[in-house]
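J.: Have a look at this prediction, sequence included:
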Amino acid sequence: MSPSVFELHQVDVRFGSAWALRDCTLRIAAGEAVALVGGNGSGKSTLLRCLHGLQNVSAGRIERAPLKQAMVFQRPFVLRSSALSNVALGLWLRGMPWRQALERAGAALERVGLAEQARSNARTLSGGQQQRLVLARAWALQVQVLLLDEPTASLDPAAKREVEQLMAQFSAAGMTLIFASHNLGQVKRLADRVLYLEDGRLQVDLPADHFFGGPLPPGAAAFVKGELI
């Protein structure tokens with residue numbers, strides 16, 4: 001059995017009287033590609049934020065392996081500087097000499113197909129290019145766990161394919177991927193395990209082929225069919 005990256009034990013998250021997560025118990029192993037699916041407000045983003053340490057839990061506990069991790073948001077944050085500097089700065093802040101950081105940042109941009117945009121202001125890049133830029137940051141930092149919250153939701157088909165290809169390559173290289181998505185085709189292409197959430201509860205936890213090919217609870221079955229609940 002692969003070592004655990006995350007273990008959640010009866011985790012609750014409440015915002016006032018509203019439950020964002022409720023009684024969530026879960027183990028994610030190193031090297032898995034895990035998709036979080038469910039309707040809006042089901043708890044996907046809250047779960048990702050808890051895993052990344054951005055959201056405190058109201059009850060229960062989360063155990064994390066001492067691994068490097070990064071999170072990619074639907075709308076990535078980029079600095080008003082060159083694409084190269086956007087990647088190099090994170091390395092420099094972690095103690096790498098600036099010249100070495102620039103060299104590694106250049107290699108990272110090459111890795112994601114942005115070498116020609118290295119000197120461009122990151123704020124002027126397209127949405128797909130900005131997503132590839134933040135993936136370059138993660139690659140440069142040599143993270144072992146990557147969390148993504150709807151990383152291709154606002155992208156055109158060509159940009160989606162480019163981001164998906166990078167996600168697939170990172171996964172094939174052994175990186176643990178945990179991503180939220182409404183795109184079930186994307187889930188089929190990238191995930192080896194699917195978690196379905198509904199009203200903050202983890203309702204289904206299955207291998208991807210079983211999720212799409214086997215019986216499901218009514219809510220999950222309706223979600224897969226694209227029916228409104």
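T.: Ah, there it is. Numbers count the residues shown, from 1 in each chain.

J.: what about stretch 64-73, start to end distance?
T.: With Cα to Cα, to the nearest Å as the measure, the first residue of stretch 64-73 is 20 Å from its last.

J.: which parts of stretch 151-166 are buried?
T.: Neighbour-count burial for stretch 151-166 flags Pro151, Thr152, Leu155, Ala159, Lys160, Glu162, Val163, Glu164, Leu166 (criterion: 16 or more other Cβ atoms under 10 Å). For the C-beta atoms, the positions are set from N, CA and C on the backbone; glycine is no exception.

J.: taking the residues you listed one by one, which sit in helices?
T.: Here DSSP state H is the test, and those give Ala159, Lys160, Glu162, Val163, Glu164, Leu166 as lying in helices.

J.: I figured the second one was touching Ala153, is that so?
T.: No - using Cβ atoms under 8 Å, Lys160 is not in contact with Ala153, being 9.0 Å away.

J.: how about the host helix or strand of Ala101: buried residues?
T.: Secondary structure from DSSP states H and E places Ala101 in helix 98-111. Judged by neighbour count (16+ other Cβ under 10 Å), helix 98-111 contains these buried residues: Ala101, Leu102, Arg104, Ala105, Gly106, Ala108, Leu109, Arg111.

J.: Return the list of helices and strands in contact with the following helix or strand past that helix.
T.: Using DSSP H and E, the helix or strand that follows helix 98-111 towards the C-terminus is helix 127-140. If you count contacts as 3 or more Cβ pairs under 8 Å, 6 or more residues apart in numbering; DSSP states H and E, helix 127-140 packs onto strand 69-72, helix 83-93, helix 98-111, helix 157-172.
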